[in-house]
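Just a sequence and a predicted model for now, questions to come.
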Amino acid sequence: MAENENALAGAPATEAAAAENVPQQQDAPPPQDAPPPASTEEITYHAVEKDGQVTAIWEMQGRKHLRTIDPRSRQGEDILRLYTAEHHEHP
């Protein structure tokens, strides 16, 4: 039985020694030439209207709704201004 006791007593030391020899993996930064992960779908904006007034602007990526923008916010006003400037018809 003494052999078993010695084997058990030596096991933790062996495991500890083995753990010291295992190289630890470090979080390596991504390669500099790797492009950031991005969807191939472009971002679009959709105006939600009620009674002729824009009540919300939806930012979409393909069919995925990313966020809702208040048309009264600075960004909402910029988006609406850009849209109306592109779609304004001259006589």
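Cool, the structure landed.

Give me the residues contacting the helix or strand H65 falls within.
Element membership of H65 [criterion: DSSP states H and E] is strand 64-69. With contacts defined as Cβ atoms under 8 Å, 6 or more residues apart in numbering, strand 64-69 is touched by E41, I43, Y45, A56, I57, W58, E59, M60, Q75, G76, I79. In short, each C-beta sits where N, CA and C put it, glycine included.

which of the residues you listed count as buried?
Neighbour-count burial within the contacts of strand 64-69 applies to I57, E59, M60, G76, I79; the criterion is 16 or more other Cβ atoms under 10 Å.

related to what we said a few turns ago, show me the contacts of strand 64-69 that map onto helices.
Q75, G76, I79 (DSSP state H).

tell me the pLDDT at the first one?
Reading off the per-residue confidence, Q75 sits at a pLDDT of 97.

With adjacent residues omitted, what lies nearest to it?
I69 (5.8 Å; Cβ to Cβ, 6 or more residues apart in numbering).

So what pairs up with that neighbour in the strands?
I57 (DSSP bridges).

mind exporting the strand holding H65 as CSV, just the C-alpha atoms?
Extracted as CSV, the C-alpha positions of strand 64-69 are listed here (Å, rounded to 0.1, in the frame of the first residue of the first chain):
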residue,chain,number,x,y,z
LYS,A,64,-32.0,43.9,-40.5
HIS,A,65,-33.2,46.9,-38.5
LEU,A,66,-30.1,48.4,-36.9
ARG,A,67,-31.7,51.4,-35.1
THR,A,68,-34.4,54.0,-35.2
ILE,A,69,-33.4,57.7,-35.6
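
Need the CA coordinates for the strand or helix carrying V48. CSV is fine.
For V48, the host element (DSSP H and E) is strand 43-50. Taking C-alpha atoms only, strand 43-50 is exported to CSV below (Å, rounded to 0.1, in the frame of the first residue of the first chain):
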residue,chain,number,x,y,z
ILE,A,43,-26.8,50.6,-44.9
THR,A,44,-30.0,52.3,-46.0
TYR,A,45,-32.4,54.7,-44.4
HIS,A,46,-36.2,54.4,-44.6
ALA,A,47,-38.6,57.2,-43.6
VAL,A,48,-41.6,56.2,-41.6
GLU,A,49,-44.4,58.6,-42.4
LYS,A,50,-47.8,59.3,-40.8
